[in-house]
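1. Provide a 3D model corresponding to the input given below.
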Amino acid sequence: MTFIQTDTFLLRGYDCDATGRLSIPALMNMMQESANRNALDYGIGIADLAMQGVGWMLMRFRLRMHQYPTYGQTIRVVTYPTSVEKYFIYRDFQVLADDGTLLADASSTWLVFSIESRTMIPLPGFIRQLHVPPAIRPLPKLPSKPNFLTHALPYTAAGQVEVGWFSIDQNQHVNNVAYVQWLLENVGDDWLQTREIAEIDLVYRSESHWHDQLRLSHATETANQLLHRIEQAETGKEVLLARSTWR
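-> Alright, predicted model coming up:
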């Protein structure tokens, strides 16, 4: 069987930023919730994988914001798998207004890791047998190494955070949305107060865990684009690299 997940969300005050627009972290949490529900229907939810000694890990995510909904509006989040390979499963998202207007879309790449060794493994057979919905129009697959990874730009320190308990998910590592909130909080007042995110492209490189100390930095790529880096403060190991595009 194939499943397309559709969830309806009423935008509450805590979903919105200081301008009354839906915040990027809140939207990503909604997307993650819809993805979890879709995975449950397919029998590949977090608990299903844990029984096999494995867990999900997000490797790539790109979100494009076409139009921001605001406080009190109702939106629909639609998600479905688009392709399954030996090591990766791909998933798309659409965010729709009541009248069907496309507010945002996103594409993502997921892998599976061994809970015991915390290393990437091939997708188990019960995942690779998954059938994607017919008649969908997948977004292009995200490159595993986008071009911004090779840009040699000077990065500026933007802050440091200690991973707290409430940033940890059921896979015992930092939830992917927590990283996005941290990097956006540290871009600078002018960017946050006078602009909005048009697109954010994320590469998740490694796990981090409770009490880890993470160092944040960013670089100006163009007048409308920033590059972001989150790394382990003690070792310098990269945890996340990203590009944000603003308007």
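2. for A39, give me phi and psi.
-> Dihedral pair for A39: phi -60, psi -40, per degrees, to the nearest 10.
3. before we move on, what about E116?
-> E116 has phi and psi values of phi -70, psi -50 when expressed as degrees, to the nearest 10.
4. send the alpha carbons of stretch 231-247 over as CSV?
-> Presented in CSV, the C-alpha positions along stretch 231-247 are these (Å, rounded to 0.1, in the frame of the first residue of the first chain):
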residue,chain,number,x,y,z
GLU,A,231,30.5,22.3,15.1
GLN,A,232,31.6,20.5,18.3
ALA,A,233,33.3,23.2,20.4
GLU,A,234,35.9,20.7,21.8
THR,A,235,36.9,18.9,18.6
GLY,A,236,35.8,21.2,15.8
LYS,A,237,33.9,18.3,14.2
GLU,A,238,31.2,19.6,11.8
VAL,A,239,27.7,18.9,12.9
LEU,A,240,25.7,21.0,10.4
LEU,A,241,26.4,23.2,7.4
ALA,A,242,23.8,25.4,5.8
ARG,A,243,22.9,28.2,3.4
SER,A,244,20.1,30.6,4.1
THR,A,245,18.6,32.9,1.4
TRP,A,246,16.7,36.0,2.6
ARG,A,247,14.5,38.6,1.0
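5. quick one: buried residues of it?
-> For stretch 231-247, the neighbour count (16 or more other C-beta atoms under 10 Å) marks E231, V239, L240, L241, A242, R243, S244, T245, W246 as buried. Every C-beta, even on glycine, is put in place using the N, C-alpha and C of the backbone.
6. what's the closest of those residues to Y179?
-> Set against Y179, the nearest of the buried residues of stretch 231-247 by C-beta to C-beta is L240 (4.9 Å).
7. quick check: bridge partners of the closest one?
-> Judged by DSSP bridges, the bridge partners of L240 are Y204, I230.
8. would a markdown table of the buried residues of stretch 231-247 with pLDDT and distance to T19 be doable?
-> Formatted as a markdown table, the buried residues of stretch 231-247 follow (pLDDT from 0 to 100; distance: C-beta to C-beta, whole Å):
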| residue | pLDDT | distance to T19 |
| --- | --- | --- |
| E231 | 97 | 31 |
| V239 | 97 | 29 |
| L240 | 97 | 25 |
| L241 | 97 | 27 |
| A242 | 97 | 22 |
| R243 | 97 | 23 |
| S244 | 98 | 17 |
| T245 | 98 | 18 |
| W246 | 98 | 14 |
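9. any idea how far Q129 is from the residue nearest the centre of the chain?
-> Nearest to the mean C-alpha position of the chain, by C-alpha atoms, centre = their mean, lies F61 at 4.9 Å. To Q129, F61 is 25 Å away according to C-beta to C-beta, to the nearest Å.
10. isn't the residue nearest to the centre of the chain up against A106?
-> Yes. With contacts counted by C-beta atoms under 8 Å, F61 reaches A106, the gap being 6.6 Å.
11. check what pLDDT the residue nearest to the centre of the chain gets.
-> Listed pLDDT for F61 reads 98.
12. ok so, going back, which of the buried residues of stretch 231-247 sits closest to Q32?
-> The nearest member of the buried residues of stretch 231-247 to Q32, counting by C-beta to C-beta, is L240 at 15.6 Å.
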